[in-house]
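J.: sequence unavailable; structure follows:
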């Protein structure tokens, strides 16, 4: 292993070295995780299972879930809103007219 005399480096050189080291450590960890995952998948296949079956997850686990729409435009059923995030313009307009949000609920 090579030793570096860091006492002779300037602050900018030290900061660049830190940045390079952090990146190298991240890359190393990523490679190790990839190898561990491949080994776990191979062992699961060897035993007749998929890794997703054993862990209760999916192979390419989705990030988050999609919420179903909760509200629907009365004249145009293609316009929907989940009730999360910013209100669509058509909801704002109807609420300004004095309509209730419950009037747009999708019947189940």
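T.: Received the coordinates, thanks. Note that this is a predicted model, so its numbers are computed, not measured.
J.: alpha carbons only for contacts and neighbour counts from here, please
T.: Will do.
J.: and residue 41, how close does it get to residue 32?
T.: Distance from residue 41 to residue 32, counting by Cα to Cα, to the nearest Å: 14 Å.
J.: which one of those two is surrounded by more residues?
T.: residue 41 (18 against 12; other Cα atoms under 10 Å).
J.: show me what contacts the more buried one?
T.: Residue 41 makes contact with 50-51, according to Cα atoms under 8 Å, 6 or more residues apart in numbering.
J.: look at it and tell me its secondary structure.
T.: helix (DSSP: H, G, I helix; E, B strand; the rest coil).
J.: per-residue confidence for it?
T.: What the model reports for residue 41 is a pLDDT of 91.
J.: could you list the domains of the chain?
T.: With domains defined by automatic domain parsing, the chain comprises 9-55, 71-104.
J.: what is the helix or strand where residue 52 lies packed up against?
T.: Assigned by DSSP states H and E, residue 52 belongs to helix 51-55. Packing partners of helix 51-55 (3 or more Cα pairs under 8 Å, 6 or more residues apart in numbering; DSSP states H and E): helix 11-46.
J.: just checking the distance from the helix it packs on to the centre of its chain.
T.: With Cα atoms, centre = their mean, to the nearest Å as the basis, helix 11-46 stands 20 Å off its chain's centre.
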